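> Pasting the sequence and the predicted coordinates here, then a few questions.
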Amino acid sequence: MISVWTLDLIGILASFTFLGFSSWRDIVSREVTDRLWVVCYPIGLLLLVLRLVAQTGSWLLLLFSVASALILSIALPHLGLWGGADGKAFLCLAIMNPVTPVLGAFVLPIVNPFFPLVVFSNAYVASLASILYPIQRNLRTHASHELFEGLDEEGRFRKVAAFLTGYRVAVEELESNHFLFPLESVRRQGSALERHFKFEMRVDSDLQKEVAEIRAAADSRLLRGPVWVSPGLPFLVFVTVGLGLSLLLGDIVWYIVSSLLNSLAMLV
């Protein structure tokens, strides 16, 4: 009978392989072919069946873990928070690695037995690093009246949110770079133009329509200068990084929360 250690190793290696390939395809073309899942899912299901045979006392844990990942992989794309490929990749990851791998000294012990949820939380922690680029870029624009020119009526909180999540580029760069998403909406009111920040999390918004509206405003000369955009790497990249962080550092969110609770307990 194949050992649990071997199943864990195969699951991790297979996950890094398909996540790395899908991340690369998503970066290059913003599309991941469905043929990838035709290969990945049978491998994952075979590993899951072998795991159920090898870990007969952990059936509920294994199935609950896969079920929780299934719920996320359906709900988040439905809510527009993930793309379809993100959900498919995450479910495949969960089928291949439903519980924390036992690889000895190669992997730190993780309290949460639902390994896919650990990868999920670590992926979002990794995505927070992406705010460093907008911040350093905006810091180079010293005068605030230049930074928010045309958006002076926006509230302070919305300006801070834009400062942390986006920066200004020429309309031509927005049109040519498929990693940039409009962070502001434009609306023509007679001979004037209304501009407002928009903070939408849906990945299925009509990007082409939004860019076309900005281009039309620029062509009419009502919009002058750069527009605010938000950079967006494919989330598959962060899932891949989250998997690596889970193996190297464990459950980062748990460590942060437990450290805060311990610090509070010491103060009481």
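Here it is on my side, so go on. If you're wondering where the values come from, they're calculated on a predicted model, not measured in any experiment.

> Now do the residue nearest the centre of the chain against Pro77, distance only.
Taking CA atoms, centre = their mean as the criterion, Phe235 is the residue nearest the geometric centre of the chain, at 3.3 Å. Relative to Pro77, Phe235 is positioned 11 Å away (CB to CB, to the nearest Å). In this view, the C-beta of every residue, glycine as well, is placed from N, C-alpha and C.

> Pull up the overlap in contacts between those two.
Gly83, Asp86 (CB atoms under 8 Å, 6 or more residues apart in numbering).

> Might you report the residue contacts of the nearest residue to the residue nearest to the centre of the chain once chain neighbours are set aside?
Distances taken as CB to CB, 6 or more residues apart in numbering place Asp86 nearest to Phe235, at 5.0 Å, with adjacent residues excluded. By CB under 8 Å, 6+ apart, the contact set of Asp86 is Leu76, Pro77, Pro234, Phe235, Leu236, Val239.

> In three-state terms, how would Met211 be classified?
For the record, residue 211 is Val, not Met. With DSSP: H, G, I helix; E, B strand; the rest coil as the basis, Val211 sits in helix.

> sorry, that was for Asn112
Per three-state DSSP, Asn112 ends up coil.

> I'd say it and Val253 touch.
No. With contact defined as CB atoms under 8 Å, Asn112 does not reach Val253; the gap is 9.1 Å.

> Out of the contacts of Asp86, which one has the weakest pLDDT?
Minimum pLDDT for these is recorded at Pro234 (81).

> burial of that one, as a residue count?
By other CB atoms under 10 Å, the residues close to Pro234 number 22.

> again, but for Ser23
Ser23 - counted by other CB under 10 Å - has 22 other residues nearby.

> can you check Glu184 too?
22.

> Over to Ser127?
Neighbours of Ser127 (other CB under 10 Å): 17.

> now swap in the one 5 residues further on and tell me
Leu132 is surrounded by 10 other residues when neighbours are defined as other CB under 10 Å.

> so is it in a helix, a strand, or just coil?
Applying three-state DSSP: Leu132 is helix.
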